[in-house]
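# Got a predicted model here, sequence first, then my questions.
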Amino acid sequence: MGISIENVSKSFGSFQALQNISLNIESGELIALLGPSGSGKTSLLRIIAGLEGLDEGAILFDGSNITNVNPKERNVGFVFQHYALFRHMTVFDNVAYGLKVRPRKTRPSKEAIKQKVNELLSLVKLENFADRYPSQLSGGQRQRVALARALAVEPKVLLLDEPFGALDAKVRKELRRWLRKLHDEYHITSIFVTHDQEEALDVADRIIVMNGGKIEQIGTPEEVYENPASPFVYDFLGNVNLFRGRLHNGTLTQGTFTMQVSEDLQDTTYDEAVGYVRPYDIVLEKEKPAIDTVAATITHIHLVGPNVQVELKRQDEEEYLEATITHIHLVGPNVQVELKRQDEEEYLEAALSKEQFRSLALQKGDIVYVRPKQLKVFVPEDFSI
Amino acid sequence: MRIALTSISLLFLAVFLVVPLVSIFITAFQKGWETYVASITHPDALAAIKLTLLVTIIVVPLNTIFGIAAAWCITKFSFKGKNLLITLIDLPFAISPVIAGLTFILLFGAQGLFGEWLLTNDIKIVFALPGIILATLFVTLPFVARELIPLMQTQGTTDEEASISLGANGFKTFLYVTLPNIKWGLLYGMILCNARAIGEFGAVSVVSGHIRGMTNTMPLHIEILYNEYQFAAAFAVASLMSILAIVTIIIKNIIEWKSGLQGGGH
């Protein structure tokens, strides 16, 4: 079922939770509502479910306005962060609840309910737990019961509020993969709220990034990660290094360090521009390179893909920054290097592959030469970290 | 240190609880078993017992319904004047029962606000059963609500939201989800309410008029007997009330134990 949200606003007292939100969700999509706490993502989810009223705007399911429809009539499956299982009922009774409370006319027979519940319990791999009580299950098992319970009423939309937030990292990853698989099999329109960018990038078809009650960006995981629409999205999705400086005629200047900025910022001047660089876009050199070595470095740019926004055009040796290595993290597939700039009291973070790291033979305390391979400038600065 | 503290509290309990309780039964049986039986089967005594039970049977369910409704709207909804409502629920605890009784006299007595109207329509409230019920209702009003509000506050509303989103209506949600979640707290509140309804003296004393065999509840009957120096009879009826109190405490403890077992599983 397709969902349209039209100009929805909501405030709690003087706190504006949602400001004029509009978006369309296609039937069968798996959507992540991503944002920090207080960004309004949970309010939006609860408004779609009807658990919260809205001040202005409308919610449409498949084109029909359901803004004033009672939540019990909306046919929405809702999964709560802390499961909200009925503690005095067994797993079986929990899953059967939505079918048992139907009016007599539409209620399935006892046998049909039993069959349906067992089907769902095997779907969530809890066939042998039907007689247990929620208190006898682990967190991951409880959340699977909650999912089975929500699916029992055959909802047209599945809404999940931080579904894996209360679980430990390993179970979270498992359930996440399982949710993706479930969605690929059933194609039920699903929206899940999360503050974990990795979770959103990993699972969702599309991500809606929210901040301060507004939508910052809507796009596929690749789009929002590779091509952030705002400084906030840049910062929220992954680590980022900041280069604050003055932008003039396509050059970002910070002290003695200058970078050429391409594209549409050629003719503009801003005193407080900020350049954003991902750690893996930072190039490290042991020796201060001569001009011709740079050509070799630039060939790396093709790895970044078609979305290169701002390309650094090296003109003189000043474009390299001197920095000291303050810390090296060796865990994981990448090597993370923490750097302290020589010219400013600022720290940078770079990510290298293990081979690069080995061939450079970096050590803590070494002085290296740093160059951003790719940098995006947002002006004027309307967001600070 | 521990031994000293334990013996102090045990001594205190013995002096202020066990000794009076035992003395009630000793005085009650002072003039023998026959007198005891005669005292509690005297028509006036039986009338007082009946009246007390009748008042309790009417008051406890009414205050249970009120308590659930008040706790429900205080904990599950947000609205203006919520704090005022909570304060109002506490009012009967703050006001002396005698004052509460007098308020009803001022409202419904012969000289009262509605006195003339009631008189012309031949409705008796004060010095009759309705007055006693009203006074008891007022005094025992907070018990159920006070017990449920903190309980329902900690439980939150997600269970109800889950039920509604699964298609259950408000009544089914209450019956299958809310009620099982609050049942021990509710029972506990009802027992406290019941104990107070049986034992209420001050407010009832003001509105009842002390008509023997008609508007005397058990505590009022005991007072009358005592004032007439019928100590054995007074204490016989008092022993009945003590037994009720002891039974209440035992049930209360069973409930606490049971709800502790249930709560411990989480």
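It's in.

# ok, and for stretch A:362-378, which residues are buried?
Residues A:362, A:366, A:368-378 are the ones in stretch A:362-378 that count as buried (16 or more other Cβ atoms under 10 Å in any protein chain shown). (Glycine included, C-beta is placed from N, CA and C.)

# From those residues, which land in strands?
Those of those mapping onto strands are A:368-372, A:376-378, per DSSP state E.

# got a pLDDT number for residue 32?
Picking chain A for this. Note for residue A:32: predicted pLDDT of 95.

# looking at chain B here, not the other one
87.

# burial of it, as a residue count?
As a burial measure, residue B:32 scores 10 neighbours (other Cβ atoms under 10 Å in any protein chain shown).

# go on, residue B:34?
8.

# again with residue B:15
With other Cβ under 10 Å as criterion, residue B:15 counts 10.

# Touching the one helix or strand residue B:225 maps to from outside, list them.
Assigned by DSSP states H and E, residue B:225 falls within helix B:218-227. The contact list for helix B:218-227 (Cβ atoms under 8 Å, 6 or more residues apart in numbering or on different chains) reads B:39, B:44-45, B:48-49, B:52, B:198-201, B:204-205, B:208, B:210, B:212, B:216, B:231, B:233-234, B:237-238, B:240-241.

# hang on, the earlier thing: out of the buried residues of stretch A:362-378, the closest to chain B would be?
Set against chain B, the nearest of the buried residues of stretch A:362-378 by Cβ to the nearest Cβ is residue A:378 (39.5 Å).

# for the closest one, which residues make a bridge with it?
Beta-bridge pairing for residue A:378 (DSSP bridges): residue A:274.

# Model confidence for it, exactly?
pLDDT, read off for residue A:378, is 75.

# One more: residue A:381?
Looking at residue A:381, its pLDDT is 46.

# Any figure for the gap between the residue positioned nearest the centre of chain A and residue A:239?
What sits nearest the mean C-alpha location of chain A, by Cα atoms, centre = their mean, is residue A:197, with 3.1 Å. Applying Cβ to Cβ, to the nearest Å, the value for residue A:197 to residue A:239 is 10 Å.

# and the residue of the stretch 201-350 of chain A nearest chain B?
For the stretch 201-350 of chain A, Cβ to the nearest Cβ, closest residue to chain B: residue A:213, 19.7 Å.

# Now do the helices in chain A.
For chain A, the helices defined by DSSP state H occupy A:41-49, A:91-100, A:110-123, A:139-152, A:169-186, A:197-203, A:221-226, A:231-236, A:291-298, A:354-360.

# Where among the ones you listed is average confidence lowest?
helix A:291-298 has the lowest average pLDDT among the helices of chain A, namely a mean of 33.

# so where is chain A shaky, pLDDT-wise?
A:256, A:262-268, A:288-319, A:379-385 (pLDDT under 70).

# again, only using 50
Scanning chain A for pLDDT under 50 picks out A:290-318, A:381-385.

# Would you tell me which residues of it are close to chain B?
A:49-51, A:71-78, A:80, A:82, A:84-88, A:97-98, A:101-102, A:133, A:135-136, A:149-150, A:152-153 (Cβ under 8 Å from any Cβ of the partner chain).

# Brilliant, that's me finished.
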